[in-house]
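> What follows is a predicted protein model with its sequence.
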Amino acid sequence: MRRYLLHRLWQSLVTLLLATIVVFLGVRALPGDPALALAGEDRDPESLRAIREQYGLDDSLPVQFWQFVSHAAQGDLGQSIRTGESVNTMLRHALPVTIELSALAILVASLIGIGAGVVAAVRRGRPAEWAANALALLGLSVPNFWLGLMAILYLSVALGLFPASGFVPFFSDPVGNLHHLVLPALILGTGLAAVIMRQTRSSMLDALSADYIRTAEAKGLPPRAVIGRHALRNSLIVVVTIVGLQLGALISGAVVTERIFALPGFGKLTVDAVFQRDYPVIQAVVLVTATAYIVINLLVDLLYSVIDPRIRVRGEA
Amino acid sequence: MPRRTPSTPIRPRRSTRHRLAASAVLAALVVAGTACSPVQSTDNQAGGGASDTAATAKDVFGDPADPAKVNHGGTLTVALSADPDKLDPSLSRSLYSRYVFHTMCEKLYDLGPDAKIVPQLATALPTIAADGLSLTIPLREGVKFADGTTMDSTAVKLSIERGLTLAGSGRKSELGPISSVQTPDAKTVVIKLSKPFAPLTAALADRAGMVLSPAAVAKLGANFSTGPVCVGPFKFANRVAQNSIKVVRDPLYYAADKVHLDAIEYRIITDSSIRSANLRSGDAQVADSLSTQDAPEVQKVSGMTVLQSESLGYQGLTVNIGNADGIEKPSKQLDTPIAKDPRVRQALALSIDREALVKSIFNGLNTVACSPVSPKSPFSSDAAQVCPAHDPAKAKELLSQAGVSTPYKVSMITSNNPDSLRLAQALQAMVKEGGFELMIKPVEYTSLLDQQDRGDFELLQLGWSGRVDPDANIFSFVGTGGSQNVAGYSDPELDKLLTDARQSQDQAKRVELYGQVVAKLQQADPIIYMYRQRNLTGVSNKVLGVQTYPDGVLRTAFAGLAK
């Protein structure tokens, strides 16, 4: 297990370095100049030169890359070109919001997706399956932006049930925090719920036709135990994989959701930084996202070994 | 009073746990249910159609709050359309930071609702020496910064000098040829100039005139924006990156009894429709920069008011005449008909039906513009507001005289936001009649700025937010070697008129000179001015005292929540 873990960690570090190089070069390949974006209307050549000098934008690319990597290795992600704030502080404020939003979205998506997937598999060929499939299709087809806008118009403006924007930290007001996040989590979780539903249904159908299920039924186990303890548990491994693989989609969904609901999260930070060509923020955001992606995929792999011990044996072989 | 040119009458157009769980379930159902429904008008919308807009196409600045009608305390939430940049008056460059600064960083001078300059931290307008080389500014006494230190002439001197010398300062060009700042006593500042510079007083009514706490500057240096300290009704509390900025009441403010709110939170909501929705749901009480599409809808909702003020700036088309190698390099005449021959540019200007453009694209809310001088400016005149009539036949004739075969193809870069694209498409259809074939190249805003400065365009659609003194709307844009002269235009006669105007202390003479400047610009058309935007701010009637002035800055400092 240790060897497997070390191997995966080494792979992760290489991936991270490659991601850093790609984003560093990618950001600079974008048309547009951060100094111009910052100067906006009030630009004059002297100011532009001063901005470029202040943020090292006039240094050569290797020098800029070394500055970024050497500071990042010491935990200093730099200073925002646009606001002058420390990028570490910006991330410290934004990360918990997106983590909480994503966790709630995964919770909502799992509850809806697994529930609907089990119903669709058990009630195969009946109206319940059709309804679940229709909902899944809808969840996959409707863009988050439109759904969010509709939710604000109907649930916030017309009915006044939820706030249309804003955020309260969990530790200062837990109820207010959840009240602000229910709607965004629901919108963000819709697409993922559809994916989970379809995957759960498919895996459950496979499991329900397996020999061990017939054996369990022959032993006289009640249907609830057969479905819950045997079929569903064996189907969950795929669902866990899906959640892991969908993390990227979840983060890109968070970009849209956070902008709609004015949530001070990672997604909003990313998009705004890209529009403003705020290189230090974009680099930091991608670095943290890549790290999170790698760590979560590593955890998902390790979770396999908990759910299915055979995977661990192969990993050590 | 704003003056209108007779040749282009601008007509206003008619034109908790269980509850939470239950809410979540209901939300899921409604979200699913609404996924296929069209958006309906809310029930409390008043009747009337597009004609309601017509009556609103005039300036509505809002009124100061009546102290008897507002509560003491409460937090005002303002939905802002863009994230302010650095909260440092020397380094700030965005209009949105001015919204926040006005609550926490007062200036030597301010702009009144009539676009006239009035004293703020100064006690009177500056006394200008006969030779125009010295300005004496008397200061308010007994004024404290939010950190408790005293505001005096030393602080003013430090602030102005910081604006002149700080690396990356956006104030240097605004402050002009200042040679020194003297402090004969604690309540007097004398600014010495190397040559006369009339626009200085107007510059001191903006960020260049904001006075910074020397103690905070000494402590934070170039990072002043992380904890700005000035004199103001409110003081900086916190900022959540790209999301919100909060200011809280400053008990040390010299007129603290006039401040009603406890705090103001600026929430950044970039999408116009969502900003409007937040206003209507009550999550925000004020929303700036409503789109001309959303404003009539907000206007119709009971309990909402739309404040309107005509921008001091303009939107126009910049023709690349000599920006061959980028703005930092000397201009070089380009070899295209539109760059070489003013008749081709005049033809393009004559092909644009500004009245129709404003009515069809902007619901009649924006106003026609043919010059960089705002009709609200004290330096405006009939001559500065002359507008050539739409005349596609004459446009074709001019193209023929210039020896250009029609349709003459011109490519135009424009920002890729919906409003700019709608405008570009309308222009495309419009200029066809005048013999032009406009090719639209939409690009993202930051790329647009880049292409503009590199000279990588033939025609470009962009605007300028405007300043009260016309010099700031003209000199850098069309003056030879001007810092924003992306057209690469140069005309020594125009340069002389502009230099005479900026050095003259005689208002009548400046008015006359700017009239001549406009006539010259309309002959050469390096920039084809089209319209002035209207600053549209949605305000809930639950808040009183929110105002907008012609400078486009939203004023919320003395607002209060209605009783």
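Here it is on my side, so go on.
> How about the secondary structure of B:Thr77?
strand (DSSP: H, G, I helix; E, B strand; the rest coil).
> And it, how far from A:Leu181?
According to Cβ to Cβ, to the nearest Å, B:Thr77 and A:Leu181 sit 18 Å apart. Glycine gets a C-beta too; all of them are placed from N, C-alpha and C.
> Equivalent analysis for B:Lys300, please.
32 Å.
> Please say which of these two ends up with more neighbours.
A:Leu181 (24 against 19; other Cβ atoms under 10 Å in any protein chain shown).
> Which part of the stretch 201-317 of chain A gets nearest to chain B, residue-wise?
Nearest residue of the stretch 201-317 of chain A to chain B, counting by Cβ to the nearest Cβ: A:Pro264, 3.4 Å away.
> shouldn't B:Ala487 be in contact with B:Pro526?
Yes: between B:Ala487 and B:Pro526 there is a contact under Cβ atoms under 8 Å: 4.1 Å.
> hey, what's in contact with both of these two?
B:Thr318, B:Val319, B:Ile321, B:Val478 (Cβ atoms under 8 Å, 6 or more residues apart in numbering or on different chains).
> how about the CA coordinates for whatever helix or strand A:Val256 lives in, as CSV?
Element membership of A:Val256 [criterion: DSSP states H and E] is helix A:247-260. Extracted in CSV, the C-alpha atoms of helix A:247-260 (Å, rounded to 0.1, in the frame of the first residue of the first chain):
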residue,chain,number,x,y,z
LEU,A,247,-15.4,17.2,-10.0
GLY,A,248,-14.0,19.2,-12.9
ALA,A,249,-17.5,19.7,-14.3
LEU,A,250,-18.6,20.7,-10.8
ILE,A,251,-15.9,23.3,-10.6
SER,A,252,-16.8,24.7,-14.0
GLY,A,253,-20.4,24.7,-13.0
ALA,A,254,-19.4,26.6,-9.8
VAL,A,255,-17.9,29.3,-12.0
VAL,A,256,-21.4,30.0,-13.5
THR,A,257,-23.3,29.4,-10.3
GLU,A,258,-21.1,31.7,-8.2
ARG,A,259,-21.4,34.5,-10.8
ILE,A,260,-25.2,34.2,-10.9
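> List the contacts of the next helix-or-strand element following it.
Proceeding N to C from helix A:247-260, the next assigned helix or strand is helix A:266-275, under DSSP H and E. Taking contacts as Cβ under 8 Å, 6+ apart, the residues outside helix A:266-275 that touch it are A:30, A:37, A:80, A:82, A:90-91, A:94-95, A:97-98, A:251-252, A:254-259, A:262, A:278, A:281-282, A:285, A:288-289, B:83, B:241-243, B:270, B:444-446.
> so the closest residue in space to B:Asp391 that isn't next to it in sequence, which of the three states?
Spatial nearest neighbour of B:Asp391, chain neighbours left out: B:Leu350 (4.7 Å); criterion: Cβ to Cβ, 6 or more residues apart in numbering or on different chains. Of the three states, B:Leu350 takes helix under three-state DSSP.
> Show the average pLDDT along the helix or strand where B:Thr103 lies.
Element membership of B:Thr103, judged by DSSP H and E, is helix B:95-104. In this model, helix B:95-104 carries a mean pLDDT of 91.
> export that helix as PDB, just CAs?
What follows is helix B:95-104, C-alpha atoms only, in PDB (Å, rounded to 0.1, in the frame of the first residue of the first chain):
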ATOM      1  CA  LEU B  95     -15.300  54.500 -12.300                       C
ATOM      2  CA  TYR B  96     -16.500  51.900  -9.700                       C
ATOM      3  CA  SER B  97     -13.800  52.700  -7.200                       C
ATOM      4  CA  ARG B  98     -15.000  56.300  -7.300                       C
ATOM      5  CA  TYR B  99     -18.400  55.000  -6.100                       C
ATOM      6  CA  VAL B 100     -16.700  53.600  -3.000                       C
ATOM      7  CA  PHE B 101     -14.300  56.500  -2.600                       C
ATOM      8  CA  HIS B 102     -17.100  59.000  -2.400                       C
ATOM      9  CA  THR B 103     -18.200  57.400   0.900                       C
ATOM     10  CA  MET B 104     -14.800  57.300   2.500                       C
END
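> So what's the gap between that helix and the chain middle?
12 Å (Cα atoms, centre = their mean, to the nearest Å).
> what sits against the spatially most central residue of chain B?
Nearest to the mean C-alpha position of chain B, by Cα atoms, centre = their mean, lies B:Ser465 at 3.2 Å. Contacts were defined as Cβ under 8 Å, 6+ apart; by that measure B:Ser465 touches A:Glu41, B:Leu95, B:Ser311, B:Leu312, B:Gly313, B:Gly552.
> related to what we said a few turns ago, pretty sure the residue of the stretch 201-317 of chain A closest to chain B sits against A:His93.
Yes: under the criterion of Cβ under 8 Å, A:Pro264 makes contact with A:His93 at 6.2 Å.
> which residues are in contact with both of the two?
Among the neighbours of A:Pro264, those also in contact with A:His93 (Cβ under 8 Å, 6+ apart) are B:Val240, B:Ala241.
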